[in-house]
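J.: 3D model of this:
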Amino acid sequence: MHHSKLSQKIGILGGGQLGKMLCQAGSILGLDISILEKDTTFPAASVCTSFVCGDITDYDDVVQFGMKMDVITIEIENVNTDALEALEQMGKKVYPPSAALKIIKDKGKQKIFYEGSEIPSSDFTLYKSREEILSDVVKGTLNIPFVQKSRTEGYDGKGVQVVRSSDDLDFLIEGATLVEDMVEIESEIAVIVARNPSGDMKAFPVVEMQFHPVANLVEFLFCPSSLSNIKQLEAEKLALEITEKLDIVGLLAVEMFVSKDGAILINEVAPRPHNSGHHTIEACSTSQYEMHLRAILDLPLGSTELIIPAVMINLLGEPDYQGKVVYQNIENCLSIDGVYPHLYGKKETKPYRKMGHVTIVDKNLDIAIEKARIVQKTLKVIS
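T.: Numbering: from 1, shown residues only. The predicted model follows:
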């Protein structure tokens with residue numbers, strides 16, 4: 001029986017770094033993994049069992065690809081969900097299910113889902129256009145400060161506009177957006193949950209984030225978090241609850257705010273491996289990537305135990321460089337104990353583009369954080 005589970009053909013929509021790391025984890029279990037993506041310059045192309053050129057947002061490309069697979073999964077939300085639904089109707093296993101993906105892909109629907117499921121999240125209003133927002137500000141029914149988010153296709157800080165003063169109104173995003181109250185935040189945390197079709201669930205330990213002020217991207221994240229055990233359990237419980245209510249199979253990364261008054265609020269979720277779980281490769285008994293594959297194949301989920309404290313930093317393209325990538329001072333970093341660079345193999349660097357990540361592990365979290373700061377100052381992505 002177990003042999004047949006491992007011999008299923010897995011198709012992943014998307015060929016970015018998350019797809020690459022899923023293929024790397026799958027290779028250890030001898031899994032047959034195909035990638036659908038535009039072209040072979042994408043990171044996953046060099047490590048998958050087979051690569052199919054196509055557009056993950058195109059109905060026909062996704063259906064044609066999926067028909068040849070036993071199990072279909074994703075590494076990015078922006079895929080053709082109608083095609084996934086058609087594949088489900090053909091009896092294919094699609095994880096996460098298209099119904100969950102349709103909710104998650106639209107940040108407005110996500111908020112409505114939290115409201116309906118009585119899951120704590122900041123107050124929000126949905127808007128069709130910039131003009132509607134401006135008119136509410138003038139009327140006084142919408143107060144500054146607030147956060148505006150694109151309903152679809154925002155990622156890595158793109159599609160988010162923080163309005164701190166009336167000057168920021170010039171930069172409002174066009175189109176359908178959601179506006180949220182600005183929460184007084186103590187910290188930002190994430191919990192990644194794995195769930196298989198049999199309904200088994202496991203949560204990874206809470207990760208805490210620190211943000212880069214300009215790029216609106218996470219500067220680094222660390223685990224264990226600084227939260228009390230009670231708060232960590234509360235966050236975990238909330239993440240498990242959402243995973244079950246959305247009927248997720250695979251991974252669900254749940255990003256949360258801890259407000260100044262100690263409330264835990266859901267920010268947003270992602271039904272796939274996530275930036276806040278990169279450290280699990282070196283720091284946990286089972287990596288998030290292996291966990292996602294175990295879950296979609298309905299295999300037993302491994303242990304999520306944190307073996308050693310870890311800090312993860314994203315390697316972003318330096319602000320003034322675009323072109324063929326050069327990793328400056330990589331050797332200095334490799335000479336430090338407990339430093340593990342992951343270079344995604346993207347051929348070209350662009351300002352703030354994610355080019356890789358570095359995980360730093362140490363039995364003492366403070367020492368790991370010190371080393372992370374050294375790596376951050378030393379390792380530069382230029383052209």
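J.: where does the stretch 101-250 of the chain have low pLDDT?
T.: The model of the stretch 101-250 of the chain has pLDDT under 70 over residues 154-157, 212-213, 215-218.
J.: Quick check, central residue of this protein?
T.: Geometric centre of the chain, nearest residue: residue 274, 3.0 Å, by CA atoms, centre = their mean.
J.: can you give me the strands in the stretch 251-383 of the chain?
T.: Secondary structure of the stretch 251-383 of the chain (DSSP state E, counting those that start in this stretch): strands at 264-270, 310-316, 323-324, 326-328, 339-343, 348-349, 354-361, 380-382.
J.: Show the backbone phi and psi for residue 125.
T.: The phi/psi pair for residue 125 (degrees, to the nearest 10) reads phi -140, psi 140.
J.: typo on my end, it should be residue 81
T.: phi -70, psi -30.
J.: What is the burial count for it?
T.: Neighbour count for residue 81, taken as other CB atoms under 10 Å: 22. For every residue, glycine as well, the C-beta is placed using N, CA and C.
J.: again with residue 324
T.: The burial count for residue 324: 10, using other CB under 10 Å.
J.: Residue 329 too?
T.: Residues lying near residue 329 (other CB under 10 Å) number 12.
J.: Per-residue confidence at it, what does it come out as?
T.: For residue 329, the model assigns a pLDDT of 97.
J.: What of the one 10 residues further on?
T.: The score at residue 339 is 98. That number is its pLDDT.
J.: Tell me the bridge partners for it.
T.: Following DSSP bridges, residue 339 is listed with bridge partners residue 360.
J.: ok, back up a step: out of the strands of the stretch 251-383 of the chain, deepest packed?
T.: Greatest average neighbour count among the strands of the stretch 251-383 of the chain goes to strand 310-316 (a mean of 25), per mean count of other CB atoms under 10 Å.
J.: Report the strands that pair with it, each with its relative direction.
T.: According to DSSP bridges, strand 310-316 forms sheet pairs with strand 218-223 (antiparallel), strand 354-361 (antiparallel).
J.: Now render these as CSV, adding distance to residue 373.
T.: Output for those, formatted as CSV (distance: least, CB to CB, whole Å):
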stretch, distance to residue 373
strand 218-223, 8
strand 354-361, 10
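J.: rewinding a little: report the separation between the residue nearest to the centre of the chain and residue 209.
T.: In this view, residue 274 and residue 209 are 11 Å apart by CB to CB, to the nearest Å.
J.: cool, and residue 121?
T.: In this view, residue 121 and residue 209 are 18 Å apart by CB to CB.
J.: Would you mind finding the longest helix in this structure?
T.: Secondary structure of the chain per DSSP state H: the longest helix is helix 229-245.
J.: just the angle between that one and strand 264-270, please?
T.: Per axes from the mean of the first three to the mean of the last three CA atoms, to 10 degrees, the angle that helix 229-245 makes with strand 264-270 is 40 degrees.
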